[in-house]
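Peer 1: Could you work out the structure for the sequence below:
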Amino acid sequence: MNNTRYTKILFWNIRGINSQEKWDAIKDKVSESACQVICLQETKRENFDIFYIKKFCPRNMDHFAFSPSIGASGGFLTAWNSIFDGIVIQSNSYAITVKLSCRLDNKSFHVTNIFGPSHLTQKQGFITWLMNFDTSGFDDWILGGDFNMIRQNLKIEI
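Peer 2: Numbering: from 1, shown residues only. Below is the predicted model:
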């Protein structure tokens, strides 16, 4: 018998979460995907509470951690289903890492929700942080989000 349990995680750069239109879009996508964890980037929001979370999350997704936006940009949110116990392992202006432990089987994994800086002057700090991020204590780790990186710029002449 296969006792493998699957967890669905949704990563999404929402580009602002301050309207009914966005709340409805998130709610629809969460419902469609049947995800247990959502990781939103670029929320453009300084604060979250459970009443605000309920505008776009189902009732059983009632745990969350966030990093506030700075001014009108950035910010990210990780929210999870009550089937998990969660603890924030690390949080900074680039990412938030949450250790999630399933209440059904005690298996745990780490989720890192990334919103990398879009300004060139801050990218080196982000890359340095990511290269030095200690995951040696993580058995299972999911890393996702918006890295705001371009691998190569191409100049096309016609």
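Peer 1: how about the helices in this structure?
Peer 2: Taking DSSP state H to define them, one finds helices in the chain at 20-33, 50-53, 120-132.
Peer 1: ok now the last one, how far from the chain's centre?
Peer 2: Right, the one you point to is helix 120-132. Offset of helix 120-132 from its chain centre (Cα atoms, centre = their mean, to the nearest Å): 18 Å.
Peer 1: That one: which residues count as buried?
Peer 2: By 16 or more other Cβ atoms under 10 Å, the buried positions in helix 120-132 come out as F126. The C-beta positions use only the backbone N, C-alpha and C, and glycine is treated the same way.
Peer 1: which residues touch that helix?
Peer 2: With Cβ atoms under 8 Å, 6 or more residues apart in numbering as the test, helix 120-132 has contacts from 92, 94-95, 116-117, 148-149.
Peer 1: Buried subset of those as a PyMOL selection?
Peer 2: In PyMOL, this line selects whichever of the contacts of helix 120-132 come out buried by 16+ other Cβ under 10 Å:
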select buried, resi 94+95+116+117+148
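Peer 1: Pick out the lowest-pLDDT one from the contacts of helix 120-132.
Peer 2: The member of those with the lowest pLDDT is M149, at 81.
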